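A.B. asks: Pasted the sequence and its predicted model underneath.
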Amino acid sequence: MSGHSRWAGIKHKKAIIDSKRGKIFTRIGREISVAAKEGGGNPENNARLRKAMDDAREVNMPQENIKRAIQRGTGELPGVSFEEVRYEGYGPQGVAILVEATTDNKNRTTAEIRKIFSEHGGNIAEAGAVAWMFSLKGYIAVEKKAVSEESLLSLALDSGAEDMKSSDEDYYEIFTTPQDFQKVKNALESKKILVTNQELTQISQTSIAVSGEEAQKLLSLIQELEEHEDVKSVFSNFDIPKEILLKMSV
């Protein structure tokens, strides 16, 4: 988990910048459609759809775009059929990488993801090779200056959080089960506690320290994977020094 809050924050900033180019709209639109297809078009009864709609509003995605994405998922509007795929692999120094994508052409996407891994000194592995290292968790970051640790810990645990940690950054990190993620988030909002970053994410309980040129190579690999149009999320168990990570936010 080391380094997670730094990387999550950087990705959050990059997503907002990318939204100006429309790239994030495509990804969120696909996620909304898939969520609606799997769980129905009512966000009150579909936690995954509710989260995707929250993400859409955060980057100012037009309401009409959200509505059309839901309707494509429920079949009310015709559209391309997407499927979810997962790729597992290794980067420099054997760092584990888990890639989640949504595609209308699995063969094309697989070939392109394999090429990205290869060009950056990594390789795709068999299904199950690294997924076992990760657990799906709700993740919430709160700035330390926003609330006292004691008050936040009490509120978080009472509302269903599994754990809270004080990171080496200026954040408290709250971890929940996927089922309790929204409940904890709502509890914080009810107390007007500003959430800096919140997501459902794959958390690894172990990490691999990477520095120097290998860290740069690894970050280049992850960045290119994240920039691929079909890729929804990239997770890894790296631990990279703060000064190297921060270069990615420039």
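C.D. replies: Looks like it arrived, so ask away.
A.B. asks: got the buried residues for stretch 93-110?
C.D. replies: Using 16 or more other C-beta atoms under 10 Å as the test for burial, stretch 93-110 gives 95, 96, 97, 98, 99, 100, 101, 102, 103, 109, 110. Quick note: C-beta positions are derived from backbone N, CA and C, even for glycine.
A.B. asks: between these, which is closest to residue 243?
C.D. replies: The closest of these to residue 243 turns out to be residue 95 (C-beta to C-beta; 18.5 Å).
A.B. asks: Flag the shaky bits of the chain, pLDDT-wise.
C.D. replies: Along the chain, segments meeting pLDDT under 70 span 1-22, 168-169, 248-250.
A.B. asks: what's near enough to touch residue 95?
C.D. replies: By C-beta atoms under 8 Å, 6 or more residues apart in numbering, residue 95 lies in contact with 208, 210, 218, 236, 237, 238.
A.B. asks: so which pair among those residues is furthest apart in space?
C.D. replies: 218 and 237 (11.0 Å).
A.B. asks: Give the burial count for residue 192, as a bare number.
C.D. replies: Counted with other C-beta atoms under 10 Å, the neighbours of residue 192 add up to 8.
A.B. asks: quick one: it and residue 50, what's the gap?
C.D. replies: Residue 192 is 21 Å from residue 50, where distance means C-beta to C-beta, to the nearest Å.
A.B. asks: Equivalent analysis for residue 132, please.
C.D. replies: 29 Å.
A.B. asks: And for residue 190?
C.D. replies: From residue 190 to residue 50 the distance is 17 Å (C-beta to C-beta).
A.B. asks: The two: which has the busier surroundings?
C.D. replies: residue 50 (16 against 10).
A.B. asks: How about the contacts made by the more buried one?
C.D. replies: 43, 44, 182.
A.B. asks: again, but for residue 176
C.D. replies: Going by C-beta under 8 Å, 6+ apart, residue 176 touches 137, 138, 139, 140, 160, 161, 162, 183, 184.
A.B. asks: Pick the one among the residues you listed closest to residue 78.
C.D. replies: residue 138 (34.3 Å).
A.B. asks: residue contacts, that closest one?
C.D. replies: Contacts of residue 138 by C-beta under 8 Å, 6+ apart are 174-178, 180-181, 184-185, 198-201.
A.B. asks: Kindly recompute the last result at 7 Å.
C.D. replies: Shown in contact with residue 138 (C-beta atoms under 7 Å, 6 or more residues apart in numbering): 175, 176, 177, 178, 180, 181, 184, 200.
A.B. asks: Please apply the same query to residue 51.
C.D. replies: Taking C-beta under 7 Å, 6+ apart, one finds residue 200 in contact with residue 51.
A.B. asks: so how far is the first residue of stretch 184-201 from its last?
C.D. replies: Start and end residues of stretch 184-201 are separated by 15 Å (C-alpha to C-alpha, to the nearest Å).
A.B. asks: Domains in this structure, by residue range?
C.D. replies: As assigned by automatic domain parsing, the chain contains the domains 4-74, 83-132+207-249, 133-204.
A.B. asks: sorry, back to before: among the contacts of residue 176, the buried ones, what's the PyMOL command?
C.D. replies: PyMOL command restricting the contacts of residue 176 to the buried ones, with burial defined by 16+ other C-beta under 10 Å:
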select buried, resi 137+138+139+140+160+161+184
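A.B. asks: which of the contacts of residue 176 lies closest to residue 151?
C.D. replies: The closest of these, once distances to residue 151 are taken by C-beta to C-beta, is residue 161, at 13.4 Å.
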